[in-house]
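Trainee: Sharing a model prediction with you, sequence too.
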Amino acid sequence: NIVEPTGLGGICIMRRPQYSHTRQSNTGEIRMTTKNMIILASVALILMYSALLYKVHTFVSRLDVPNHEPLIVIPIIPFARPDQDLPTYLQPRPVTPHIEPFTPEIARDDNPEIDQIVDQSNQLKFSGHLNESLALLDQGLLKYPRSDKLHTFKGGWYFDKGDFAMAEIYYRKAFEINPKETLYLMNVALCLSNQNKALEAAGIYQQVYNRRKDVWILLSLAETLWKFNNWTDHSFYLNEIIKMTRNQLDSGKQASINTFMALHYAFDAKDIRGIAASSSNATFKDVWSRGKSSSQRVDFPPKPPKPAGSKIVVGYVSYDFHLHAVGVQVMNMFQHHNKEKFEIIAYNANDGTKAPTNDWVANKIREGVSRWVDIGTMSAFQAAEQIYKDNVDILIDMGLFTAYARMDIFTLRPAPIQCAWLGLASTTGGYWMDYVIGDPVASPLQYEHAYSEKIAMMPHSYHIFDHKQTYPTLLPAFPRNEHGLPTDKFIFCNPANNIRQNPELFDHWLSIMNKVPNSVLVMKYFEEISAENLRNYARSKGLTVTNDVNTNRLFFQPGSDKHIQMKAMCDVYLDIHYYNGHSTSGDMLYAGVPLVTFPAETMAGRAAASFATSLVGPEVAKEMIADSWEDYEAKAVRFATDKALYARVRNIVESSRHTSPLYDIARFVRNMERLFTLMVDRHRKGLGPDHLLVEGDTS
């Protein structure tokens, strides 16, 4: 994906190929005989009649749009969200414009009236007047029924509403009108992918890539195949994506791949920083150009440092303050902040259109903060103005490059100290971000070149886990036989999402199993086609895969709300190299399951090592942290074959859950407050950001 799947559901462009309407003779003269004139007149009458029938059909079809059969035989290009990175004309306005009725007329792409319709429709949509926005597009299509632009914006309206079937219909119509514009076809594929018709989407992406050898199209093609564990030509796709992305960076272009997805691939730390920087810089340029062109406030000059002893105002910015992995992890954190020394503001970036703003997680967070401020419907300029007026000392971005994040606000620098934390373990690449909150294992200074920010290090893990509050009573693992698993086998597992898996990793897992004959591998079940692809791949490598629980060596388990007890059935969790399990690793360790991880250079690839070290200390963690693929396999095999070692490590993991800092959020918050104090102290002294480390610990 180019960016995390969000908001505007369409790519709309404004060019149309020019056509020649006459044919000349060899002498350059246009010849027209009487016979030809009669023929042309007849044809013209037929065309006029056909056009009339078409318009009637168009009008009726809008009243009751029939279901449309899908096209053929990959996750596409998610788009910018409505309240992020919008052109000036999309900024919400309080006045609803008056629109006159239209009369039918043929549309042209350079018709300013079509641009006006689209602009006003978007203003209405993003100011919450959804029905009026759609009605305006309908009026436009009455007047311009052959406008591909209006059709694709109407598809975007349905896409933003989550009605992907209807969006698909209008994107198809746009492509039918203008078949030279492949972006319309890409939108069709996006809708298919969102309807879980990824194989049909894959076929469309392949068609488009055959016509345009662009990296973002190849990304869409590859990622949809990989979503279903279809690894045909995997190395070719991966190498092409990496090569084409590096060419983009070397030539100063914005990388097509989103930083979140890039972290899953074989990019090195330099690549990731370059990809992040290209995206951040594009956001920065867009926000500032829009601000200047619309006379929005873009300048928020630093205020004089507050006197020592003043309350430190910390603002957390997140879309995920609801029932979401991030929301669940932090929901009990805010109540532990020392409100005598800190004022805590939750800036809720959720506008309520795609997720609730008042579920039990959101309400729990509201109870714990000093103030709750909704900024979901605000532009970047409005939100920055609010934060600036709130005299925030430290502003924390909890989204970065994830879906619906609000990095656009941070580019305006409304706070003197700005930090990235938790939502994505990555650098932002933006010079307007001062710190990334990490720890000595996840983000050691030997990899400082991977970050544009200074590293502010917690004494233990940078990640917060709320398991002790969410699961106060540790229940025993489910019986294996009740879940279709063998009771006499050593169980390796990895319940990661399909997109994080790859054939290189899977080959190492198969190698481990070949060295441990009495073992099985348990993976998460998503789609039957994905499971069957993995079964076939395992069979091709010589693994026994059957329907008999006694002989089968590859199992799939569905997700469950009792996932800690489900995970506790496993013996060892095999982590993923480039993008470790974050929530998953925390779950596994809390379930008492040792892990094996091979850290990469980036924070996303070093998270599991951080968690293990924080839980059991560096000496015991060495048994779980490998320094090569060979060591990764050896450690997994040793756990399965050395019963005394395995029992010792598992006992330490289980006994440490209630005493270690990894699951102690009160302790975590106290240490984070110490880190905040170090940041503010430097700022009060007139010093710029620098690498920081909270030394010692507050238990």
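Mentor: Everything's here; your move.
Trainee: and Thr546, what does it touch?
Mentor: Contact analysis of Thr546 by C-beta atoms under 8 Å, 6 or more residues apart in numbering lists Asn552. C-beta: built from backbone N, CA, C; applies to glycine.
Trainee: Torsion angles phi and psi at it?
Mentor: For Thr546, the backbone dihedrals are phi -140, psi -180 (criterion: degrees, to the nearest 10).
Trainee: Low-confidence ranges, the stretch 501-650 of the chain, go.
Mentor: Counting by pLDDT under 70, the stretch 501-650 of the chain contains no low-confidence residues.
Trainee: so where do the helices sit in it?
Mentor: Here the stretch 501-650 of the chain has its helices, by DSSP state H, counting those that start in this stretch, at 503-515, 528-540, 563-567, 583-590, 607-616, 618-621, 629-641, 643-656.
Trainee: And the strands in the chain?
Mentor: Counting by DSSP state E, the chain has strands at residues 312-318, 342-348, 371-374, 394-397, 417-420, 435-438, 454-457, 490-494, 519-524, 554-557, 572-574, 595-596, 692-693.
Trainee: Could you dump the ones you listed into CSV with mean neighbour count and distance to Arg297 added?
Mentor: Below are these laid out as CSV (neighbours: other C-beta atoms under 10 Å; distance: least, C-beta to C-beta, whole Å):
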stretch, mean neighbour count, distance to Arg297
strand 312-318, 24, 18
strand 342-348, 23, 18
strand 371-374, 16, 18
strand 394-397, 25, 17
strand 417-420, 25, 18
strand 435-438, 26, 25
strand 454-457, 24, 28
strand 490-494, 22, 49
strand 519-524, 22, 47
strand 554-557, 19, 53
strand 572-574, 26, 49
strand 595-596, 28, 48
strand 692-693, 17, 31
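Trainee: For these, give me JSON lines that also has distance to Ser656.
Mentor: Shown next, in JSON lines, are the strands of the chain (distance: least, C-beta to C-beta, whole Å):
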{"stretch": "strand 312-318", "distance to Ser656": "29"}
{"stretch": "strand 342-348", "distance to Ser656": "29"}
{"stretch": "strand 371-374", "distance to Ser656": "35"}
{"stretch": "strand 394-397", "distance to Ser656": "28"}
{"stretch": "strand 417-420", "distance to Ser656": "29"}
{"stretch": "strand 435-438", "distance to Ser656": "22"}
{"stretch": "strand 454-457", "distance to Ser656": "21"}
{"stretch": "strand 490-494", "distance to Ser656": "20"}
{"stretch": "strand 519-524", "distance to Ser656": "24"}
{"stretch": "strand 554-557", "distance to Ser656": "26"}
{"stretch": "strand 572-574", "distance to Ser656": "16"}
{"stretch": "strand 595-596", "distance to Ser656": "13"}
{"stretch": "strand 692-693", "distance to Ser656": "23"}
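Trainee: hey, which of the helices of the stretch 501-650 of the chain is tucked in deepest?
Mentor: Ranked by mean neighbour count, the helices of the stretch 501-650 of the chain are led by helix 607-616 with a mean of 28 (mean count of other C-beta atoms under 10 Å).
Trainee: Show me what that one is in contact with.
Mentor: 425, 439, 441-442, 460-463, 575, 580-582, 585-586, 589, 595, 597, 599, 621, 624-625, 649, 652-653, 656-657, 660-662.
Trainee: how about the helices in the stretch 201-350 of the chain?
Mentor: Assigned by DSSP H, counting those that start in this stretch, the stretch 201-350 of the chain shows helices spanning 215-227, 234-250, 259-262, 269-293, 325-330.
Trainee: Now distance to Asn533, mean neighbour count and mean pLDDT too, for the ones you listed, in TSV please.
Mentor: Shown next, in TSV, are these (distance: least, C-beta to C-beta, whole Å; neighbours: other C-beta atoms under 10 Å; pLDDT from 0 to 100):
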stretch	distance to Asn533	mean neighbour count	mean pLDDT
helix 215-227	9	24	90
helix 234-250	12	16	96
helix 259-262	20	25	96
helix 269-293	28	19	94
helix 325-330	26	20	95
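Trainee: Out of those, flag the one nearest Pro414.
Mentor: helix 269-293 (11.9 Å; C-beta to C-beta).
Trainee: Show me what the closest one is packed against.
Mentor: Contact partners of helix 269-293 among helices and strands, from 3 or more C-beta pairs under 8 Å, 6 or more residues apart in numbering; DSSP states H and E: helix 234-250, helix 259-262, helix 407-410.
Trainee: okay, the angle between the first one and helix 503-515?
Mentor: Right, helix 234-250. Orientation check (axes from the mean of the first three to the mean of the last three C-alpha atoms, to 10 degrees): helix 234-250 against helix 503-515 gives 140 degrees.
Trainee: Helix 234-250 to helix 215-227, inter-axis angle?
Mentor: 150 degrees.
Trainee: contacts for helix 234-250?
Mentor: Counting by C-beta under 8 Å, 6+ apart, 215, 218-219, 221-222, 225-226, 254-257, 262, 265-267, 271, 274-275, 278, 502-503 sit against helix 234-250.
Trainee: hmm, back to that, now distance to Ile204 too, for the helices of the stretch 201-350 of the chain, in JSON lines please.
Mentor: Output for these, formatted as JSON lines (distance: least, C-beta to C-beta, whole Å):
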{"stretch": "helix 215-227", "distance to Ile204": "9"}
{"stretch": "helix 234-250", "distance to Ile204": "16"}
{"stretch": "helix 259-262", "distance to Ile204": "20"}
{"stretch": "helix 269-293", "distance to Ile204": "26"}
{"stretch": "helix 325-330", "distance to Ile204": "31"}
